[in-house]
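>>> My questions are about this predicted structure, shown below with the sequence.
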Amino acid sequence: MRKLSLVALLLTVLSSAFASEKGDITVISDSSAVFRVYYSKPNVSKVKVSIYNESGQKVFGETIRNREGFVRPYNMKELPAGVYTFEIEDENETKRFEYTYADKSFRTTGSSLIVSVKKLDADKFLLALGNAKNEEVKIEILNEKNELLYSAAELVENQFAQLYNLQSISSRKLTFKIFNKAGEVEEFIF
């Protein structure tokens with residue numbers, strides 16, 4: 001009976017981990033200088049993306065024609081370190097995301113792989129992997145008892161991002177482990 005309950009829990013975890021959220025907007029960085037806007041609102045015709053420096057001056061702006069959503073990278077490498085605000089505006093809402101760009105905030109493994117896990121809210125986590133050249137990685141999510149909740153292998157050609165919705169998990173502590181091809185581990189504890 002315990003095994004059946006565990007299998008049911010795992011299926012629930014897997015189905016909720018891959019559930020997509022309608023109308024989501026977020027900005028993450030998957031390297032020290034590249035920030036990505038993830039926009040997943042269908043049926044919106046135009047989206048304005050603006051970037052402001054800490055003085056409030058607009059340093060970049062563009063309008064993107066949207067059909068089903070998009071992912072757009074923004075390379076900050078040529079900009080000075082500081083606090084930047086990403087403003088994403090569509091016909092229904094405007095969202096702002098503030099980040100400190102310091103050109104050093106993400107972990108690199110012994111390979112060229114850059115790993116980032118961000119907690120977006122109480123139940124959602126965004127895993128981003130970058131700079132890989134056809135590198136296979138193993139992803140594990142464990143609870144506070146170090147029990148395996150999720151495991152997958154992914155081939156990362158350049159970049160990879162996955163949103164995990166873990167609302168059905170009652171664990172107080174979650175650990176993400178990412179293993180590169182050399183077996184090195186990056187660990188993120190929430």
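Received the coordinates, thanks.

>>> What's the separation between the residue most central in space within the chain and Val115?
The centre of the chain sits closest to Leu126, judged by C-alpha atoms, centre = their mean, with a distance of 3.1 Å. To Val115, Leu126 is 12 Å away according to C-beta to C-beta, to the nearest Å. (Glycine included, C-beta is placed from N, CA and C.)

>>> Likewise for Phe60?
As judged by C-beta to C-beta, Phe60 and Val115 stand 27 Å apart.

>>> For Phe176, name its beta-bridge partners.
Taking DSSP bridges as the rule, Phe176 bridges to Ile141, Phe188.

>>> since we're on it, how many residues are nearby?
Neighbours of Phe176 under the rule other C-beta atoms under 10 Å: 20.

>>> burial measure for the nearest residue to Val115 once chain neighbours are set aside, as a count.
Nearest residue to Val115, sequence neighbours excluded (C-beta to C-beta, 6 or more residues apart in numbering): Glu186, at 4.4 Å. Other residues near Glu186 come to 19 when the count uses other C-beta under 10 Å.

>>> Now do the helix or strand hosting Leu163: which elements does it pack against?
Here Leu163 sits within strand 160-165, counting by DSSP states H and E. Counting contacts by 3 or more C-beta pairs under 8 Å, 6 or more residues apart in numbering; DSSP states H and E, strand 160-165 is packed against helix 2-17, strand 124-130, strand 135-142, strand 148-156.

>>> Strand partners (parallel or antiparallel) of it?
Strand pairing for strand 160-165, determined by DSSP bridges: strand 124-130 (antiparallel).
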